[in-house]
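*Asks:* Provide a 3D model corresponding to the input given below.
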Amino acid sequence: MEPCLLSMDSNMLPDKPRNAHHALPRSNDDACLDGVHILLVEDNRVNQLVLMEMLVAEGAKVELANDGREAIEKATTGHYDLVLMDLQMPCMGGVEATLHLRRQSKLDQVPIVALTGNIDPSAQKECEAAGMNGFLPKPISPSQLYAALRYFLGQRRKGAGGRNDTADRHLESDR
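*Replies:* Here you go, the predicted structure:
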């Protein structure tokens with residue numbers, strides 16, 4: 001019997017999911033993310049694996065940053081269509097990293113979506129004040145993640161970019 005992945009210490013996890021050669025089937029909805037470049041900023045190894053698998057299954061190209069400092073380095077040298085940002089990380093948290101990213105003209109229109117287990121309204125306000133576009137509570141369901149990505153990527157393609165109160169309400173209604 002296979003051990004439950006979520007009960008394992010993150011240091012015990014393999015570099016790749018045990019069944020990495022068996023890709024998740026694509027969802028039946030229009031969550032297709034073919035060619036979308038996403039920067040996933042997450043320090044927890046289990047969350048990294050789960051989110052990476054969900055995103056790659058839909059065709060996204062995902063690069064990982066383990067904390068806010070690494071996210072700033074990667075975001076300033078690479079090109080990303082969207083950033084998924086954990087809030088509580090060592091070295092530099094997501095709010096501080098977002099403040100740095102929003103000061104750079106190259107990144108001021110890239111959607112940044114917070115990922116957190118803290119669903120307190122004050123955390124949401126802090127994310128909004130930092131320039132994040134949306135807020136997804138952990139644990140994240142695939143349908144919630146894909147709906148948020150479709151929304152923000154659609155807004156970016158239409159040229160909306162930047163923080164958007166309508167987007168925040170949209171995510172709130174999906175909970």
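*Asks:* for the lengthiest helix in the chain, the distance to its chain's centre please.
*Replies:* For the chain, the longest helix by residue count, based on DSSP state H, is helix 142-157. Put simply, helix 142-157 sits 11 Å off its chain's centre (C-alpha atoms, centre = their mean, to the nearest Å).
*Asks:* In this protein, which residue is most central in space?
*Replies:* Note on the chain: the residue nearest the mean C-alpha position is residue 84, at 2.0 Å, using C-alpha atoms, centre = their mean.
*Asks:* Tell me the secondary structure of that residue, please.
*Replies:* Secondary structure, DSSP: H, G, I helix; E, B strand; the rest coil: residue 84 is strand.
*Asks:* what sits against it?
*Replies:* 38-42, 51, 113, 115, 136 (C-beta atoms under 8 Å, 6 or more residues apart in numbering). (Each C-beta comes from the backbone N, C-alpha and C, glycine too.)
*Asks:* which residues in this protein form helices?
*Replies:* With DSSP H as the criterion, the chain has helices spanning 45-57, 68-77, 94-102, 121-130, 142-157, 165-174.
*Asks:* Ok, which of those helices comes nearest residue 109?
*Replies:* helix 142-157 (7.1 Å; C-beta to C-beta).
*Asks:* coming back round to it: can you list the helices and strands that the longest helix of the chain packs against?
*Replies:* Contact here means 3 or more C-beta pairs under 8 Å, 6 or more residues apart in numbering; DSSP states H and E; on that basis helix 142-157 packs against helix 45-57, strand 82-86, strand 112-116, strand 134-137, helix 165-174.
*Asks:* tilt between that helix and strand 112-116?
*Replies:* Helix 142-157 runs at 160 degrees relative to strand 112-116, counting by axes from the mean of the first three to the mean of the last three C-alpha atoms, to 10 degrees.
*Asks:* Average pLDDT for helix 142-157, rounded please.
*Replies:* Here helix 142-157 scores 87 as its mean pLDDT.
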